[in-house]
Structures are given as structure tokens and as C-alpha cells.
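Asks: here is my input; please provide its structure:
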Amino acid sequence: MGAESNESLDVLSVFLTGIPGLEAQHGWLSIPFFTMYIVAIVGNSLIMAAVHVDAALHEPMYLFLSMLAVTEVGVSVSTLPTVMGILWFDARQIDFDGCLAQMFFIHTFSCIESGVLLAMSYDRFVAIYNPLRYTAILTLSRIISLGLGITLKSVTFMAPLPILLRQLPYCHVNVLSHSYCLHSDLIQLPCADTKLNSILGFSIVLATFGLDSLLIVVSYVLILYTVLGIASGEGRRKALNTCVSHICAVLLYYVPMIGVSVMHRAAKHASPLVHTLMSSIYLFVPPVLNPVIYSVKTKPIRQGIFTLLSCKRKWL
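Replies: Now for the predicted structure:
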């Protein structure tokens, strides 16, 4: 039986529905989606390039921001082939192993992003609580170690998901109600009990996103406590102002995620279009808006991008 199921997987394909109910408008919908991809990839790439080129941005805060930009590009590139393939060419079929690979990269980059947001909250706490030792605590080697640790943790947690799904037998009808492959949808396809997969997926969510969000809240409670101890109102305002961009990034990431989770469990009978749009907001909005927010709210980043673009114009 196991040999037959593995053999069937070699020819198994998954069909992606795209945006349910709006199939006739896929051509028009490709315009805003492609625009979001361009903004996300170009915007985050500019931030990475500016931090790399400008020595003034080689500080912990901007190095963490560069890591965040890497994850945003990763999430965007992971979904781009299938989303634009459906909207442009009506290419709804994807090889099962390709679907598992896409699922792994989407969830892994999302997990890394959550870890980076936690690291950035720690960065803000250290900058406000102990500003005199800020650079001594957050050295380059520690930042690199944090980045590698977050990446290793994310890969380790997400690697079992496609491996376990690969071992299950599948039915003849394998249709996903999205333009990309997610674990919550894939576990609905096997012709077998997926309780272990569901428990593992839920445990990973708690151990990564749940724990990260809890620690971010704790960080900001400590930050607020520290800020309230600052004597001058101007000092308190400046301290809090350094956290605005990060708070926006956290809200952009976790609010849609919570919305998707609530919809998945409490509104199972809602229109497939609603579920698809909520998942799209979760995956597409943060990569688009984060570079915009950081460029507007963070003057050194804005100046670094302007310097980078002016240097390119001179070179051309």
C-alpha cells in the first residue's frame, strides 16, 4: 500500500483555484497583484542595498531591518510563480512536490519574519533601557548569531511538515482554494487521518508565532515601563518615536495572521472568496507596506535610499 501511494505521488498534481468567483476578472486582477509584487520586491531590495552600501546604516536597528526585508522578498518570491501564472496564463496545475516546496518556503520565511520582528523588539528594548551599552550588547557577531539562530529554528520547525505530508495517500481530486500552497489547505487532501499533521502544525504555530508574539508584548511592556521612568516629556516622546515603525510592522504582520486563524476556525462556512482575500492580505500586505513605512518614518533609511539611487544615476 505504501509503495502504491508513493508511486501515485510521482504523477500527482494539485489544482489551484485562484480567486474563487472572480475567475473572469483574473486578467484585471493581475494588475494590482503584479504591482504589489513589484513594490514589495523593489522596495525591500532597495532597503537591503541601502543598508549594505551606506556605512552609516551599519547599526543593529538597520541590520535587523535588512533581515526583515530579506524575509519579505522571500515570501513574495515564494508565491509569485503560481499567483501570476494563474492570473496571466490560467496555469492552475502544480506538481505535488512543487506544491510542498512552495508551502515549505512560504511558512519558513513567515516564521523567520516573526523571529526577526521579535529580535527587533529586543533591539528597541536595549536601545531605550540601556542606550549607553547599546552597541556593546548588540555587536555584529551577536546580530549574525541571532539571524542564523532564527533561520535554523524556522527551517527545523517547518521541515517535518512536507515530509509527513509526502507519506500520506491522496485522493484523485486535489484542489486548493488559493493561488498558492499552504499547510492548512494541504492537510485537507489526504485520504487518511491527518490528526498528527494537524497537531504538529498547531504546535509549531504555538512554539513559533505564539511565543514570538508573547515575547514581543513583554518587550513592549518593559519598554513602556522604562519610558515612563524618563523624566522629560520630550525624552519620552523621542524614545517612543523610535518604536513607531516597528509597532506598525508588528501590527501589519500579526493582525492579518490572527484574522486568518479566526476565519479558518470560526467562519468555516464563509465564502471561499473571503478566506482567499484574508490569506492574500496576510501574505501580500506586509511586504508592500513595510518598506514604505520604514522609508517614511526612518530618516536615515530614506537618506540611504536617496544616496543609493543618486549614485546609480551618476554611474549610468
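
Asks: all helices of the stretch 151-300 of the chain, in order?
Replies: 160-166, 183-186, 195-205, 211-228, 233-241, 244-266, 272-297, 299-315 (DSSP state H, counting those that start in this stretch).

Asks: what is the last one packed up against?
Replies: Helix 299-315 sits against helix 26-53, helix 60-89, helix 272-297, with contacts defined as 3 or more C-beta pairs under 8 Å, 6 or more residues apart in numbering; DSSP states H and E. In this view, the C-beta of every residue, glycine as well, is placed from N, C-alpha and C.

Asks: now the angle between helix 272-297 and it, please.
Replies: Helix 299-315 and helix 272-297 meet at an angle of 80 degrees, taking axes from the mean of the first three to the mean of the last three C-alpha atoms, to 10 degrees as the criterion.

Asks: where does the stretch 201-316 of the chain dip in pLDDT?
Replies: 264-270, 312-316 (pLDDT under 70).

Asks: residue nearest the middle of the chain, spatially speaking?
Replies: With distances taken as C-alpha atoms, centre = their mean, Ser110 lies nearest the centre of the chain, 3.4 Å away.

Asks: who's in contact with it?
Replies: Contact analysis of Ser110 by C-beta atoms under 8 Å, 6 or more residues apart in numbering lists Thr71, Val75.

Asks: just say helix, strand or coil for it.
Replies: Secondary structure, DSSP: H, G, I helix; E, B strand; the rest coil: Ser110 is helix.

Asks: quick one: mean pLDDT over stretch 103-110.
Replies: Per-residue pLDDT values over stretch 103-110 give a mean of 96.

Asks: Gln93: which of the helices of the stretch 151-300 of the chain is closest?
Replies: For these, the distance to Gln93 is smallest for helix 183-186, at 15.3 Å, taking C-beta to C-beta.

Asks: tally of neighbours for the residue nearest to Met61 when sequence neighbours are not counted?
Replies: Distances taken as C-beta to C-beta, 6 or more residues apart in numbering place Asp123 nearest to Met61, at 5.7 Å, with adjacent residues excluded. The local packing of Asp123 (other C-beta atoms under 10 Å) involves 25 other residues.
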